[in-house]
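Trainee: sequence? don't have it. structure:
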């Protein structure tokens, strides 16, 4: 493996998602064989010295700093992996692009559309590769779904139903965090809905219009460690969208942080003239497909939803832990990073890129306008 | 059983739903023990002599006519069961009410709100019992859901997700029928959505506003027996609603006749502060409930959705085929009729009555206005 | 329908299963169209006058008696439907056969193999039609399974897994009944296992050998109404079989009355060289099939279990309640009776007949021997 | 983390399972926080130089050799992780024990009972920690099951049903490998059944007797790369066991390599007087439990199987990827290693150890005897 190209990572932000990305990088060389490159964890930045030290101890980063500009400034780093809270994306990513680094940016791209457009423009100017972490595109079952859509399996799409349901904020005493403040760019829609919107665009193409209603059911929460001081929650904890695609399909998307009893319940159904698809993220080993061309003899038919065993079968060069073992959430991040690393080595940028990130931002901005104005909003926004 | 009161039925309309009601009446005395009355199938009306004769042969009606007025005119009939196509409901039901008959009316009550209001007013004037066939209220799992809601199991309701998906009209060569014409009062919304709307009102109370989008994807269909003559479909084959209840919950309802691969897929989820409910009509033996008050110890917790074995356990006096055997669709109709017969014997009217039928009609009318005007519509309509 | 042949039923035994058969007869003319005959409920016999009267009131039997011989003696009865407790089957069925009546006999045929052989011999001598109520053969999904097996869908069968789990006797205070006494011919094996054994024979052919272990976990129960008087349970409440078919497949069958939390859980899986089948009676709308000939491309395959929507699609002339509505347990009995009535009208006997009933009895007798002697027992018994 | 104790690993065997263990070690420091030790991957041994080099490149082992004795001989290694094919376990493990190394041994412990007893005796003599890789004990849902059993949730256990179904060998042209030769100690029973037997012992205690039937359906397979040369398969590809526990429960275990359409289908059900448990490895996020003490009011009851959301909640100090995200197979190995490392640091050996490995070996040996002699075999073997 000595002759392999080396991809040198600088990771900024060592909170939950920063750790997830780090673990995924460390898993890559065993899961994919051959790997197109050697991935080196060079630099890390986090808010506190303790956090920086933890990253070095846990994952072997060679260098760390509480100043993210120091990581971006390093010559021995090829990729900036942006894992900071949403409101810092703009500054970090713009600096990374200007320093000529490839960027791997956790969703959402930005906190508003203007930022996102700027970032996309800068990314294009810089000539680097820019990649979003929409890891759901790398769920094996959903990769198979994409193939089927491209093969015309669905025919004309009539409708889709999707939701992303979490329950993490049902307890009204869960304290405030940056995810509950307007500076994050939004709430359930941004946090959860963005994944679904990207996935739907990926599978069905662009949207022509959106209608939204949002709600903040739990309007106040205590400050961390100060249960008696309650402050206003300034983002949505529930959003319901109705969407129409450019191709004329109608569908709904719900994102909720208050779906009592749910874990990580992203569900998707698409109904077309020729076939249908269903998927659930809590039962991720199977893509359920219905082929309307199957015969429906009154006695003797074989129509029905087939649970395609995608399991850990995709993408192709994955060798561990084997195609048949139940897949877990982490694996999608690993596959996303593998795809990005492969793109870098080949010098061929691939989706989802900042264009995709910007489009999702645009839909979300349109949705918030719709919710405010109580009317349909056309896409793209001018 | 000789001393039992006798409830004498006159059924008008011997198409699919008329046969279903008839079969249900015939099943009653074996499924419920004791029965509060002896149900006698006295008169039947259908469009053709063949159909009338078939009803007599299949079910033992004592008398039949192609003129429904003749059935209503009989003194030896207590109840008119209205199973005609939607556009005839008004005339038949009004005549029945004026003749002083109790009325059991298949949904929807009417083809528009004005009719529905008239019918309700007439029913109230007449002093008879008026009952809608919203048979989903009599699914044992949903009866249990109603109990739980009334016990406060859900706490404040945040959101609900519901759909009623059929696939019967995916084939563009399926010929026209009265269900595809505007005279039916609407399409997927009226046919399928009405059930869900009633169920949600039953569980969650009245709605404050509705937003709707409707679509007719398959715009032309052949006339029956004339494949080359295609005429316009004048009702929706897909509708997506966003609703807000008076109590502030937000939710979505989709009704589709084009949900490829589905059978009779009515699904419902409700998320509240204290608990959650889920149900699917194609897996009707269980009501899935989550109790947020269950402990979530880091190790040792027992939180999760419980599949309550409602099966054929409800309502109480049902003895056949026994509580543990998988339930089927017909049973809900039987239970609905049992409840109606019981109400008649006791002289105590029960829901769902024409008030419920009118309210559903009102929501549908508001939804069609919303779809036309592309905006929220407040309820009740003035 | 006046010109239809008439099949005149005499039912003996108006307990649970007698009521089920009765309700099924009453449902036939609405569910099947055309019906090959008019089914008339002529006579009924039950243990008490109250029970006889109830049958007449609930179902319209024309005549009733507490003496079953009186029903058999009637000239105006064509079919004796035997619904008495197991230990009375022999006497009732032999008398019916000798009187030249067709017989429809609820399972099991008898309480031991010697009886069963006698009954089969008498049935053959008499020239009448003899039919067992193995209603699981008439579950639409399992009818489709039978077709697939006959089409060679499975290829060489390697193995099968089946169970029939009930929980009705988990409570040690449930009182004694005839089902818990050795005179019934056995316990869980006879009551539940017999259904599975018939189904497996139907799908996979005869067995070559059986190994069994039985257990009576709850060894005493109170007498009905006398909670302080406990008497010995003399039959198995759990049985586990290992079976080898003549064709070389290996499999297991478990029958339990102590499977806490189960309702009517008959589950079946069959694995073959070319395909596999799965079915569960509590989720009866679908037959799950896997076709090993589907391609398993590393990326692009479509292998998986397909949930064939059998629902209420079979058998063919069923028109109510329609193919897409969730099926219930009662329907299998209705379909079984329809098939029997059709056979009578055509004069062409069909399975499952007393040969099938005797074979199941033989397997059960071999199983009890195996359990007693703790060794394999070869089939057929000499 | 500098002050942490260091656990230095020497891994022998870098095939599939060796890679899995390696990936798991590399994942530990990010998934558990705090980690009780720093795990250093010091030495690795594999059959070929290429494989050794791959291990060094992929995982950063500091040292490698094709001679496993060299790894065992190193002073700077604390733990020997045994991942060689079954027939080499004895030699490698005995050498490691004699060198005073702690041993982490992939299942099965040995290829026969005599070896296993020797290994256990040597392990006890040596005073080191000896640990089996029965990773299913570390599935969160099954860890919860163990807790429930210990709390008496099940009451007296009546019966259990378990299976481990794979389909990897359905294709008769899949070539020979060491897993298909008698030197492996057995086939499906050893490969798959051993996991289930350990799990059942863990949950239900020791077995009193076993009955088994084994079969080799595909009796010949081609040599690798020589499709025309077919040699005999000398192990079982299907085994069906009936077992009785010391406590009197009866149950069945099936292990199959020919279960067409299955992936990694380990399923387990346990039925007791007070409650029941169900689990499936392809749907691993939930443990389904039924509590018989829940009320079963005729109307108002809440009995049913609850899907406890175990997901990634256990064991306690796991922090990544978070409790709510769908779990995958690899995680169980990681948790198993975490538990072992913790035991080493605390100096307190924990299960599953070589005693457990030996007991599983004993049951398998008894099962093979039973299959050969066609009779029950009592446990423990003398």
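Mentor: Yes, it's here. Quantities reported herein were computed from a predicted structural model and do not represent experimental measurements.
Trainee: List the beta-bridge partners for the residue in chain A that chain C sits nearest to.
Mentor: Residue nearest to chain C within chain A (C-beta to the nearest C-beta): residue A:306, separated by 3.9 Å. C-beta: built from backbone N, CA, C; applies to glycine. Assessed by DSSP bridges, residue A:306 has beta-bridge partners residue A:289, residue C:306.
Trainee: I'd like to know how many residues surround residue A:150.
Mentor: 9 (other C-beta atoms under 10 Å in any protein chain shown).
Trainee: same check, this time on residue A:291
Mentor: For residue A:291, the count of nearby residues is 20 (other C-beta under 10 Å).
Trainee: Quick one: neighbours of the spatially closest residue to it that is not a sequence neighbour, just the number.
Mentor: Take residue A:291 and drop its neighbours on the chain: the residue closest to it by C-beta to C-beta, 6 or more residues apart in numbering or on different chains is residue A:275, 5.1 Å away. Using other C-beta under 10 Å, residue A:275 has 23 other residues around it.
Trainee: With the one 10 residues further on instead?
Mentor: Counted with other C-beta under 10 Å, residues neighbouring residue A:285 total 25.
Trainee: isn't it right next to residue A:328, touching?
Mentor: No. Assessed by C-beta atoms under 8 Å, residue A:285 is found out of contact with residue A:328, at 10.2 Å.
Trainee: Do I have it right that the residue nearest to residue A:291 meets residue B:260?
Mentor: Yes. Using C-beta under 8 Å, residue A:275 is in contact with residue B:260, at 6.4 Å.
Trainee: okay, and the common contacts of those two?
Mentor: Common neighbours of residue A:275 and residue B:260, using C-beta atoms under 8 Å, 6 or more residues apart in numbering or on different chains, are A:290, A:292.
Trainee: Which strand or helix spans residue A:154?
Mentor: Element membership of residue A:154 [criterion: DSSP states H and E] is none; it lies in no helix or strand.
Trainee: how close does it sit to residue B:260?
Mentor: Remark: distance between residue A:154 and residue B:260 (C-beta to C-beta, to the nearest Å) = 8 Å.
Trainee: Pull up the overlap in contacts between those two.
Mentor: By C-beta under 8 Å, 6+ apart, the residues touching both residue A:154 and residue B:260 are A:272, A:273, A:274, A:275, A:276.
Trainee: So what does the first one have for phi and psi?
Mentor: Same thing as residue A:272. With angles defined as degrees, to the nearest 10, residue A:272 sits at phi -130, psi 170.
Trainee: which residues touch the closest residue to it other than its chain neighbours?
Mentor: Distances taken as C-beta to C-beta, 6+ apart put residue A:154 closest to residue A:272, at 3.2 Å, once the chain neighbours are dropped. Counting by C-beta under 8 Å, 6+ apart, residue A:154 touches A:148, A:270, A:272, A:273, A:274, A:275, A:276, A:277.
Trainee: One more pass at 6 Å, please.
Mentor: Residue A:154 makes contact with A:272, A:274, A:275, according to C-beta atoms under 6 Å, 6 or more residues apart in numbering or on different chains.
Trainee: The stretch 201-350 of chain A against chain B: which residues are in contact?
Mentor: A:213, A:215, A:217, A:238, A:240, A:242, A:250, A:252, A:256, A:258-261, A:271, A:276, A:290, A:292, A:305 (C-beta under 6 Å from any C-beta of the partner chain).
Trainee: which among those residues end up buried?
Mentor: Buried by 16 or more other C-beta atoms under 10 Å in any protein chain shown: A:213, A:215, A:217, A:238, A:240, A:242, A:250, A:252, A:256, A:258-261, A:271, A:276, A:290, A:292, A:305, out of those.
Trainee: So which of those residues belong to strands?
Mentor: When strands are assigned by DSSP state E, the members of these inside them are A:213, A:215, A:238, A:240, A:242, A:250, A:252, A:256, A:271, A:276, A:290, A:305.
Trainee: And the average pLDDT for stretch A:277-287 is what?
Mentor: For stretch A:277-287, mean pLDDT is 97.
Trainee: try stretch A:226-237
Mentor: Averaged over stretch A:226-237, pLDDT sits at 96.
Trainee: elements contacting the longest helix along chain A?
Mentor: For chain A, the helix with the greatest residue count under DSSP state H is helix A:354-373. Counting contacts by 3 or more C-beta pairs under 6 Å, 6 or more residues apart in numbering or on different chains; DSSP states H and E, helix A:354-373 is packed against helix A:113-126, strand A:130-133, helix A:194-204, strand A:207-215, strand A:377-378.
Trainee: if we can go back for a sec, of the ones in strands among the buried ones among the residues of the stretch 201-350 of chain A next to chain B, which is the nearest to chain B?
Mentor: Taking these together and measuring to chain B by C-beta to the nearest C-beta, the closest member is residue A:290, at 3.1 Å.
Trainee: Quick check: pLDDT value at the residue nearest to that closest one when sequence neighbours are not counted.
Mentor: Distance criterion C-beta to C-beta, 6+ apart; nearest residue to residue A:290, sequence neighbours excluded, is residue B:261 at 3.1 Å. For residue B:261, the model assigns a pLDDT of 96.
Trainee: And residue A:296, by the same measure?
Mentor: According to the model, residue A:296 scores 74 on pLDDT.
Trainee: Now do the contacts for it.
Mentor: Counting by C-beta under 6 Å, 6+ apart, residue A:296 has contacts residue A:303.
Trainee: Residue A:22 contacts residue A:57, correct?
Mentor: No. Assessed by C-beta atoms under 6 Å, residue A:22 is found out of contact with residue A:57, at 11.7 Å.
Trainee: of the two, who's got more company?
Mentor: A count of neighbours by other C-beta under 10 Å puts residue A:22 above the other of residue A:22 and residue A:57, at 25 against 15.
Trainee: in its sheet, what does the helix or strand harbouring residue A:231 sit against?
Mentor: Using DSSP H and E, the element containing residue A:231 is strand A:226-232. According to DSSP bridges, strand A:226-232 forms sheet pairs with strand A:220-223 (antiparallel).
Trainee: Go through the strand it pairs with and flag the buried ones.
Mentor: Under 16+ other C-beta under 10 Å, the buried positions of strand A:220-223 are A:221, A:222.
Trainee: Contacts for it, please.
Mentor: A:175, A:176, A:229, A:230, A:232, A:233.
Trainee: Now for the second one, how many residues are close by?
Mentor: Summarising burial for residue A:176: neighbours were counted as other C-beta under 10 Å, giving 19.
Trainee: Tell me if I'm right that residue A:308 and residue C:304 touch.
Mentor: Yes. If you go by C-beta under 6 Å, residue A:308 and residue C:304 touch, sitting 4.3 Å apart.
Trainee: Identify the spatial nearest neighbour of the closest residue to chain D within chain A, chain neighbours not counted.
Mentor: Residue of chain A nearest chain D, by C-beta to the nearest C-beta: residue A:328 (2.4 Å). Closest residue to residue A:328 apart from its sequence neighbours, by C-beta to C-beta, 6+ apart: residue D:328 at 2.4 Å.
Trainee: Just say helix, strand or coil for that neighbour.
Mentor: coil (DSSP: H, G, I helix; E, B strand; the rest coil).
Trainee: Just give the number of residues close to it.
Mentor: Around residue D:328 there are 22 residues (other C-beta under 10 Å).
Trainee: and the gap between it and chain B?
Mentor: Distance check for residue D:328 against chain B: by C-beta to the nearest C-beta, to the nearest Å, it reads 20 Å.
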